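In: Show me the folded form of this:
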Amino acid sequence: MASHQTDSKTTQESRGLSYELPWLIPALLAGVCVLYFYIGTHPYGSFGAGLYFHIAEQIQTNGYVLPKTIPNYTPAGVPFAYPPLMFYVVALLQNVTHLDAFTIARFLPGLVSVAYLVPLYFLARDLFGSRPQAALATLIVAVSPPVLQWHISSGGIVRAPAMLFSLVGIYAGLHLFRDGDERWLAPALIAFTLTVLTHPMYTIFFVISFLLLYARFDRSLRGMGYGLIVGLGGLVLTAPWWLSVIAMHGSSVFSGAAGTHGGLGGAVPALYALLRQQIHEPPFLSAWHLLPVVGCLWLVWRKEYFLPAWLVVIMATMDEARFVFLIGALISARFIFEGILRWIRKSASVGRNEIVTFSVVLLATIGLSGGMLYATGGLNAHAGSPSLPGFVDNNDVEAMSWASTNTDPSAQFVVLGDAAEWFPQQTHRTIAVGPWGVEWKGHQQYRYQLHHFRTLSRSHTAAALTSKLMRMDVHPQYVYVPKGAYTIRGMRHTQPSMMLSTMQSSPQYHLVFENDGVAVFEMADGWYPSGPGPSGPMPV
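Out: Purely as a prediction, here's the structure:
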């Protein structure tokens, strides 16, 4: 493998944080700007985190002991097998500050998304030996929609800290394997332990990245020993959690969840998602996202294989665009500075400073425009649906408040649309159908719940809804119907007025609550013989 800057054992020495700040400030400011526009346009956050906050509440109720089951998400509840760290953090945060779930879901993910830019910058700086390249890579990540989608949104209360921990650990691994600096062993171990306790997908990203760093920069028995200390040490330190889960649910709870969200072997889905994204994005953003592809080919031509190998391995093993685009940002920064700008400087009469200034201003403008449009929901994403959709609005919150006050605690609801994700947390009532958390029951049950949730949510007449409920053997006491625009798994749909008119004229449904955005119907007595609900898998 040919030598290049990432091979150097001696990167630019740090001159203190005050020297690094000018290089960090553009990305940090971009991250803060994106967060500002996001908060201003999302009064209840985007996507869902109701299950996460419900878990935190159950932890508080259980005296901060791991609960066995999380109630209200399907009649039988769901096993609690999630890595628990951030749920404990959120539980303590709510206990101390008394902030409501929506406030934390709006602010915490974005703040951590800004924070993880710091270890990313230092990783890129020491990998490239170049502060300008590191600054650009960090700026690209700060405004990249595929990264923002998973970290600034409500569910980022778990994912953004996991990204922070994994980047700290990968940075430690770079110095551990490339420089042989044992001082980074403890930080790597701590970061890996925190990552394991936060999110399984980021644990996989950490492990793959660590193995590639070892294969590229070390390949010695000493380096293997470092890796074993970090890996086995992390497993030992997290044993109180995973042994407790195995004792409560058996080891199959982990293997059953492995393939429910894409899992390993995601090269084809990742490539398909990338292609689909280019079709629905503005041309300037498509060009922005295709830059890593060209840069990857350029690096291979230059015989700089580490970043292309990292990208290919992640694409081949994980169906997750957030990691692909993070590595793509590193590739883009290197390609722009070492490829494009060098070529322009040789071909043009203008000086280096003018070229760099123009290029940085242009890229920052494009990046910030795309990031802010994405944060405000101004871009078409998800096959033409708006980016970062909110699962609930004022009407949903009002309807859920009514349900928590005016229905029996044992009542079961069928909630049409994505508001169902927040419904149990806001009302402490049970949703009869929903996929959230069911991945821990295995692939078959997860697919069953997901299929039925989508099918019911697409009902547009009372007769269609009744037929589906009977066929699925689902027996709610209430049905929660969105009016007008709503989302199903993040995709925009419109509920026609025919749905409400047919339900109001049907003897099986009695309207008990209505506002501008939601109607709640109570099921008529004896509309269908009562049964256990969807507790087991059915053919889908």
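In: Average pLDDT for stretch 449-459, rounded please.
Out: Across stretch 449-459, the average pLDDT comes to 97.
In: Could you list the buried residues of that stretch?
Out: Buried residues in stretch 449-459, counted by 16 or more other C-beta atoms under 10 Å: 449-453, 455-457, 459. Glycine gets a C-beta too; all of them are placed from N, C-alpha and C.
In: Break this structure down into its domains, please.
Out: Listed by automatic domain parsing, the domain ranges of the chain are 15-44+100-381, 394-523.
In: Can you redo the ones you listed as TSV, where the extra columns are distance to residue 74?
Out: As requested, the domains of the chain are arranged in TSV below (distance: least, C-beta to C-beta, whole Å):
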stretch	distance to residue 74
domain 15-44+100-381	15
domain 394-523	6
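In: Of all these, which one is nearest residue 57?
Out: domain 394-523 (7.3 Å; C-beta to C-beta).
In: gap between that closest one and the chain center?
Out: Relative to the chain's own centre, domain 394-523 is displaced by 24 Å; criterion: C-alpha atoms, centre = their mean, to the nearest Å.
In: Can you measure across it, start residue to end residue?
Out: End-to-end distance for domain 394-523, by C-alpha to C-alpha, to the nearest Å: 25 Å.
In: can you tell me which of the domains of the chain the model trusts least?
Out: Minimum mean pLDDT among those: domain 15-44+100-381, a mean of 84.
In: Is residue 486 located within a strand, as I assumed?
Out: Yes. Secondary structure of residue 486 (DSSP: H, G, I helix; E, B strand; the rest coil): part of a strand.
In: that older thread, which ones among the buried residues of stretch 449-459 are found in strands?
Out: Assigned to strands by DSSP state E, none of those qualify.
In: I'd like these laid out as CSV, including distance to residue 480.
Out: Listed next are these as CSV, based on distance: C-beta to C-beta, whole Å:
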residue, distance to residue 480
449, 17
450, 18
451, 19
452, 15
453, 13
455, 16
456, 11
457, 10
459, 12
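In: wait, what's in contact with residue 437?
Out: 51, 70, 73, 78-79 (C-beta atoms under 8 Å, 6 or more residues apart in numbering).
In: and if you look at residue 177?
Out: With C-beta under 8 Å, 6+ apart, residue 177 has these contacts: 213-214, 216-218, 223, 226.
In: How about residue 300?
Out: By C-beta under 8 Å, 6+ apart, the residues touching residue 300 are residue 308.
In: what's the distance between it and residue 211?
Out: 20 Å (C-beta to C-beta, to the nearest Å).
In: what's the neighbour count on residue 406?
Out: 11 (other C-beta atoms under 10 Å).
In: Make 845 the first number, not 1, from now on.
Out: Will do, 845 is the new start, and the previous item becomes residue 1250.
In: re earlier: which of the contacts of residue 1281 fall within helices?
Out: Members of the contacts of residue 1281 lying in helices (criterion: DSSP state H): residue 895.
In: And the contacts of residue 1281, which is closest to residue 1159?
Out: residue 895 (28.6 Å).
In: Three-state assignment for the nearest residue to residue 902 once chain neighbours are set aside, please.
Out: Closest residue to residue 902 apart from its sequence neighbours, by C-beta to C-beta, 6 or more residues apart in numbering: residue 911 at 4.6 Å. Three-state call for residue 911 (three-state DSSP): coil.
In: Was I right to think residue 911 contacts residue 926?
Out: No. Contact status for residue 911 versus residue 926: not in contact, 10.7 Å apart, counting by C-beta atoms under 8 Å.
In: how long is stretch 1276-1289 end to end?
Out: With C-alpha to C-alpha applied, stretch 1276-1289 spans 14 Å between its terminal residues.
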